[in-house]
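# just need the structure, nothing else, for what follows:
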Amino acid sequence: MTLKSGPRNLITDVPGLLVGNSEEHILKSGVSILTSSSPMTASYCVMGGAPGTRETDLLEPDKTVHGINAVVLSGGSAFGLDATNGVMEYLRERGEGFAMGPINVPIAPTAIIFDLRNGGNKNWDENPYPKLGRKAIENAAENFHLGSSGAGFGATTGQLKGGLGSASTILSNGTIVGALVVVNALGNVVDPISGKFWAAPFELENEFGGYGAPVNAIPGSMLQYSKVNSIKEGANSTIGIVATNARITKSEAKRIATSAHDGFSRAILPAHLPYDGDLIFAVSTDEIETAHSNEDFAELCHLSSVTMSRAIARAIYHASSKANDTLNCFQEKYKKVSFR
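Okay, the predicted model is just below:
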């Protein structure tokens, strides 16, 4: 099967989806949101040992709410959960949300990363994240920046700056799957020895440099290159979203989110540790109503993980240097190195 990306190679190749970013340079943090022109079917899966979330319980298949209005990815650790307040106010003003009599309650599940010790000034008088959340959803559009943008603005990995990544894949039956991810991992997205991406086998059209895969890496030794000795428990997370236009149930969304975690394992080494808050949301716009076969659904699950791994690599590839950075970005450390 020959894979190809969508026209933007972004999660917004799924029709109806928009992404908005906002960031504060002095704070060295930001917010990213995914929203849709209509409520989205959604679920999630956590595989990290230290997640930070809001409104995720209602995404379980047995819970009542069947459509959400937005997904919020934020920096700021637990303080960043308040970014949802700004998003909800924006949605409330537009009459969006779960109808409760005369009142609509916007549903915006949220996950956060820990970026409090990345060189930014965190000595605020007022929590900045509600305003950042509001600004992010006001900026929502089909095109958006990757790398040091939005919730990925202050993200870090074991050896390099992290960032915001996205990718898309067109499936064999014509449906689309997209991924959006904030990479703030304890581990690394590139092999620290060779500087090549762990996700290289899944790269499409040189989307993260075409440098090839690591050749003589020793994966068993990679923990020594991680943040495990310098960052305390709960100080890391890779959080993301996979999206499709295929009509799915909440139970199927749960399975897609679970499968997409394989994309974390393919692109980050090590992943899913006790000190990571690794989480993936899965959403659908339910645009395509035709029933999918078992084979179609298996392909959707598999390509959700592959698309996620590509999005992770693109986050690191597009990161850029900023004032007071504590780590180099990929472009500074490796791009001038000859890999061939």
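# and the least confident helix or strand in the chain by mean pLDDT, which strands flank it?
The weakest-scoring helix or strand in the chain, judged by mean pLDDT, DSSP states H and E, is strand 98-100 (a mean of 84). Applying DSSP bridges, strand 98-100 is found paired with strand 103-105 (antiparallel).
# what sits up against the strand it pairs with?
Strand 103-105 is contacted from outside by 92, 95-98, using CB atoms under 8 Å, 6 or more residues apart in numbering. Glycine gets a C-beta too; all of them are placed from N, C-alpha and C.
# so which of those comes closest to residue 35?
Of all those, residue 35 sits closest to residue 96, with 9.0 Å by CB to CB.
# tell me the contacts of that closest one?
By CB under 8 Å, 6+ apart, the contact list for residue 96 reads 69, 104, 106.
# go on, residue 14?
Neighbours of residue 14 in contact, by CB under 8 Å, 6+ apart: 6, 168, 176-178, 243-245, 285.
# and the gap between it and residue 212?
When distance is defined by CB to CB, to the nearest Å, residue 14 is 30 Å away from residue 212.
# go on, residue 51?
34 Å.
# the two: which is more packed in?
residue 51 (18 against 14; other CB atoms under 10 Å).
# give me every residue that touches the residue nearest to the more buried one when sequence neighbours are not counted.
Nearest residue to residue 51 in three dimensions, chain neighbours excluded: residue 277, at 4.0 Å (CB to CB, 6 or more residues apart in numbering). Contacts for residue 277 (CB under 8 Å, 6+ apart) come out as 46, 48-52, 111-114, 234, 236-237, 239.
# again, only using 7 Å
48, 50-52, 236-237, 239 (CB atoms under 7 Å, 6 or more residues apart in numbering).
# CA atoms only for the helix ranked longest in the chain, dumped as PDB, please.
What stands out as the longest helix in the chain, according to DSSP state H, is helix 294-317. Output in PDB follows, covering the C-alpha atoms of helix 294-317 (Å, rounded to 0.1, in the frame of the first residue of the first chain):
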ATOM      1  CA  ASN A 294     -13.200  -4.700   9.900                       C
ATOM      2  CA  GLU A 295     -10.300  -4.300   7.500                       C
ATOM      3  CA  ASP A 296     -11.100  -0.600   7.100                       C
ATOM      4  CA  PHE A 297     -11.200   0.000  10.800                       C
ATOM      5  CA  ALA A 298      -8.000  -2.000  11.400                       C
ATOM      6  CA  GLU A 299      -6.300   0.300   8.700                       C
ATOM      7  CA  LEU A 300      -7.600   3.400  10.500                       C
ATOM      8  CA  CYS A 301      -6.200   2.200  13.800                       C
ATOM      9  CA  HIS A 302      -2.800   1.400  12.300                       C
ATOM     10  CA  LEU A 303      -2.400   4.500  10.200                       C
ATOM     11  CA  SER A 304      -3.500   6.600  13.200                       C
ATOM     12  CA  SER A 305      -0.300   5.400  15.000                       C
ATOM     13  CA  VAL A 306       1.900   5.900  11.900                       C
ATOM     14  CA  THR A 307       0.500   9.400  11.300                       C
ATOM     15  CA  MET A 308       1.200  10.200  15.000                       C
ATOM     16  CA  SER A 309       4.800   9.100  14.700                       C
ATOM     17  CA  ARG A 310       5.300  11.400  11.700                       C
ATOM     18  CA  ALA A 311       3.700  14.300  13.500                       C
ATOM     19  CA  ILE A 312       6.100  13.800  16.500                       C
ATOM     20  CA  ALA A 313       9.100  13.900  14.200                       C
ATOM     21  CA  ARG A 314       7.800  17.000  12.500                       C
ATOM     22  CA  ALA A 315       7.400  18.800  15.900                       C
ATOM     23  CA  ILE A 316      11.100  18.400  16.600                       C
ATOM     24  CA  TYR A 317      12.200  19.100  13.000                       C
END
